[in-house]
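> A predicted structure for the sequence below; I have some questions about it.
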Amino acid sequence: MAKFPFDIHATEGAARTGVLRTARGDIRTPAFMPVGTAGTVKGVYMDQVRQTGADIILGNTYHLMLRPGAERVARMGGLHKFGGWDGPILTDSGGFQVWSLSKLRKMTEEGVTFQSHLDGSKHMLSPERSIEIQADLLGADISMQLDECTDFPVSYDKAAQSMELSLRWGKRSLAAFGERSDQTLFAIVQGSNFPELRKLSAEASVAEDTAGGYGGFAIGGLAVGEGHSAMCETLSVTTPYLPADRPRYLMGVGKPIDIVEAVYRGVDMFDCVIPTRSGRHGQVWTDQGPYNIKRAEFAENQEPLDDAIQCPASQDYTKAYVHHLIRSGELLGAMILSWHNIAYFEDLMARIRASIAAGTFESFVTEFRANWSQPTT
Ligand SMILES: CNc1nc2c(CC[C@H]3O[C@@H](OC)[C@@H]4OC(C)(C)O[C@@H]43)c3nc(N)[nH]c(=O)c3cc2[nH]1
C-alpha cells in the first residue's frame with residue numbers, strides 16, 4: 001500500500017505546511033479540495049478549477065455508483081479521463097451519503113444495503129465494494145475507508161459501538177485495498193465528541209499495519225451540527241494521536257474560520273461544498289464572512305467582486321452585474337460566484353501556507369479571529 005511522500009517544509013505550533021506527492025501531482029498543504037461530487041465541480045470548468053490554485057478535487061462513491069454507475073465510469077477510462085481532471089482525486093467512501101441521502105437503508109456487519117434516492121433501485125456498500133469502486137473503477141488517487149459517520153449528539157455507548165464498527169470496516173478496507181504502488185488509502189477516525197474514544201480510534205487506526213498501513217488519517221464525525229467550539233475541542237484531543245508524518249484530513253469542513261482554527265490544531269486537508277453550494281444562492285465569501293450579493297446595496301456597485309483575488313470571476317465582473325444575474329436566476333450568476341468562491345478559498349489556503357512558512361501564522365490567526373464578524377456557533 002503506497003504511502004505518498006509527505007514533505008513538511010515548516011511548522012508553527014501544531015500547524016504544518018508541506019507537500020503531499022501523489023502519482024498524479026503534488027498537493028500543497030494545508031489544502032482546500034473543491035468538491036466534485038458527481039464528477040463535476042458544479043458550475044465550474046476543470047481548467048477554471050485548476051486556475052484557482054486547487055491541486056486536488058473530490059469525487060464520491062455514493063453519487064457515481066448510482067449515476068452513471070461505477071462500472072460505466074471504468075468503461076469510460078476512469079474518473080480522471082471521464083471528467084477531464086488530470087490531477088489527484090480523493091473519493092469519499094459513500095457511507096456518509098448513504099446516511100444523509102438514501103432511503104430504506106439496512107445496516108449489518110457486512111455493510112449497508114439501501115435504495116437509491118434517485119430511482120429507488122437497490123444497492124449494497126461493503127468495505128470491499130467501496131474499495132473496488134474507488135480504487136479500481138473510479139481510479140481515485142486517495143480512497144477513504146468505509147466508515148459510519150456517527151450521529152450527533154449520541155450516547156457514549158452508541159459512539160463507542162459506531163467507532164468500533166468503523167475500525168472493523170477500516171481493517172477490511174485496508175485488506176481489500178492491498179498493496180498498490182500509485183494509490184493510497186486513508187483511515188477515518190471517529191468517536192464523536194468523547195476524547196477517550198477519539199484517542200482509541202486514532203491509536204487503533206495507526207496500529208493497523210495490514211498491507212502496510214494507512215497513507216493518511218481523516219477526522220470524521222465532525223461538521224455534523226456540533227458547532228464550532230465543540231469541533232475545535234474535539235480536534236485538540238484527536239490530532240495529537242495522529243502521526244506527525246502523515247496528512248490529516250478534516251472531512252466536510254468548512255467555513256474560513258473553521259479552516260483557520262483546524263490548521264492551528266494540526267489539520268492539513270479540507271473539503272467543503274460551501275463555495276459552490278452557497279455561491280449558487282448569491283453568497284460571496286471574504287475574511288469577514290459571507291455577504292449576499294442580492295442585497296439592494298449592490299444594485300449599482302461598479303466595483304469588481306473582489307480585486308484582491310487573482311481570478312477572472314473576481315476581477316472582471318461588477319457587483320452590480322452579479323447582483324442582477326443572481327436576482328434574475330441567470331446561470332452565469334451561479335457560475336461566476338462558484339468560481340470566485342473557490343478562488344477565495346484557495347487564496348486563503350495560500351496565505352495560510354505562506355504564514356506558516358514565514359513563522360507568522362500565530363499573528364495571522366489572531367488577526368483572522370478579530371476580522372471574522374460571524375458568530376461562531
Ligand atoms: C459537511 N460535514 C461533513 N461531511 C462529512 C463527510 C462527507 C464529506 C463528503 O460529503 C460532501 O460534503 C457534505 C463532500 O462532497 C463529497 C464529494 C460527497 O464528499 C464530501 C464524511 N464522510 C465520511 N466518510 N465520514 C465522515 O465521518 C464524514 C463527516 C462529514 N461531515
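Everything's here; your move. Numbering: from 1, shown residues only.

> from now on I want contacts and neighbour counts done on CA atoms only, so please keep to that.
Will do.

> return the residues of the stretch 1-150 of the chain in contact with the ligand.
35-37, 58-60, 92-93, 95-96, 147, 149 (C-alpha under 6 Å from any ligand atom).

> the closest residue to residue 345 other than its chain neighbours in helix, strand or coil?
In space, and not counting its chain neighbours, residue 345 is closest to residue 32: 7.0 Å by C-alpha to C-alpha, 6 or more residues apart in numbering. For residue 32, the assignment made with DSSP: H, G, I helix; E, B strand; the rest coil gives strand.

> need the contact list for residue 187.
Counting by C-alpha atoms under 8 Å, 6 or more residues apart in numbering, residue 187 touches 144-145, 170, 205, 214, 216-218.

> what residues are up against the residue nearest to residue 345?
With C-alpha under 8 Å, 6+ apart, residue 32 has these contacts: 54, 269-271, 345-346, 349.

> where in this structure is pLDDT low?
Where the chain drops to pLDDT under 70, the residues are 1, 377.

> let's check: the centremost residue of it is which one?
Nearest residue to the geometric centre of the chain (C-alpha atoms, centre = their mean): residue 271, 2.1 Å.

> A strand includes it, no?
Yes. Residue 271: assigned to a strand according to three-state DSSP.

> and residue 336, that's in a strand?
No. Secondary structure of residue 336 (three-state DSSP): helix, not part of a strand.

> distance-wise, check it relative to residue 283.
11 Å (C-alpha to C-alpha, to the nearest Å).

> SS state for residue 2?
Per three-state DSSP, residue 2 ends up coil.

> how deep is it tucked in, by neighbour count?
Close neighbours of residue 2, defined as other C-alpha atoms under 10 Å, add up to 18.

> ditto for the one 4 residues further on
By the criterion of other C-alpha under 10 Å, residue 6 has 21 neighbours.

> for the stretch 151-300 of the chain, which segments count as strands?
Taking DSSP state E, counting those that start in this stretch, the strands of the stretch 151-300 of the chain run over residues 184-189, 216-219, 248-250, 269-272, 283-286, 289-292.

> please identify the most buried of the ones you listed.
Of all these, strand 184-189 carries the top mean neighbour count, a mean of 29, counting by mean count of other C-alpha atoms under 10 Å.

> and it, does that touch the ligand?
No. Under the criterion of C-alpha under 6 Å from any ligand atom, the ligand is not reached by strand 184-189; the shortest gap measures 6.6 Å.

> sheet partners, orientation included, of that strand?
strand 142-144 (parallel), strand 216-219 (parallel) (DSSP bridges).

> which of the residues of the stretch 1-150 of the chain next to the ligand fall in strands?
The members of these that map onto strands under DSSP state E are 58-60, 92.

> residue 104 belongs to a strand, doesn't it?
Yes. Residue 104 sits within a strand when classified using three-state DSSP.

> ok, it touching residue 115?
Yes. If you go by C-alpha atoms under 8 Å, residue 104 and residue 115 touch, sitting 5.9 Å apart.

> give me the more crowded residue out of these two.
Taking other C-alpha under 10 Å, residue 104 and residue 115 do not tie; residue 115 has more neighbours (19 against 14).

> residues contacting that one?
Listed by C-alpha under 8 Å, 6+ apart, the contact set of residue 115 reads 102-105, 121-123.

> out of those, which comes closest to the ligand?
Comparing those against the ligand with C-alpha to the nearest ligand atom picks out residue 102 as the nearest, at 12.9 Å.

> contacts only, for the closest one.
Residue 102 neighbours (C-alpha under 8 Å, 6+ apart): 114-117.

> one step back: got TSV for the contacts of residue 32, with distance to residue 66 too?
Output for the contacts of residue 32, formatted as TSV (distance: C-alpha to C-alpha, whole Å):
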residue	distance to residue 66
54	27
269	27
270	25
271	22
345	30
346	30
349	33
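
> and of the residues you listed, the nearest to the ligand?
Taking C-alpha to the nearest ligand atom as the measure, the ligand lies nearest residue 271 of the contacts of residue 32, at 6.4 Å.

> the closest one is in contact with residue 35, isn't it?
Yes. Counting by C-alpha under 8 Å, residue 271 does reach residue 35; the two are 6.4 Å apart.

> list the residues that contact both of the two?
Residues touching both residue 271 and residue 35 (C-alpha under 8 Å, 6+ apart): residue 58.

> alpha carbons of stretch 117-132, in CSV - could you do that?
C-alpha atoms of stretch 117-132 as CSV (Å, rounded to 0.1, in the frame of the first residue of the first chain):
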residue,chain,number,x,y,z
HIS,A,117,-32.7,8.4,-3.7
LEU,A,118,-32.9,8.8,-7.5
ASP,A,119,-34.9,5.8,-8.7
GLY,A,120,-35.4,3.5,-5.7
SER,A,121,-33.0,0.9,-7.2
LYS,A,122,-31.4,-1.4,-4.6
HIS,A,123,-27.6,-1.2,-3.8
MET,A,124,-25.1,-2.5,-1.4
LEU,A,125,-21.9,-1.0,0.0
SER,A,126,-19.4,-3.0,1.9
PRO,A,127,-15.8,-2.1,2.7
GLU,A,128,-14.7,-4.4,-0.2
ARG,A,129,-17.2,-3.0,-2.7
SER,A,130,-16.4,0.6,-1.7
ILE,A,131,-12.7,0.0,-2.3
GLU,A,132,-13.4,-1.7,-5.6
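
> mind listing residues that contact that stretch?
With C-alpha under 8 Å, 6+ apart, stretch 117-132 has contacts from 61, 66, 93-95, 101-103, 110-116, 143-146, 169-170, 172-173, 176-177.

> tell me how far the residue of the chain positioned farthest from its centre lies from the ligand.
Ranked by distance from the centre of the chain (C-alpha atoms, centre = their mean), the top residue is residue 300, with 36.0 Å. In this view, residue 300 and the ligand are 35 Å apart by C-alpha to the nearest ligand atom, to the nearest Å.

> I am finished for the moment; much appreciated.
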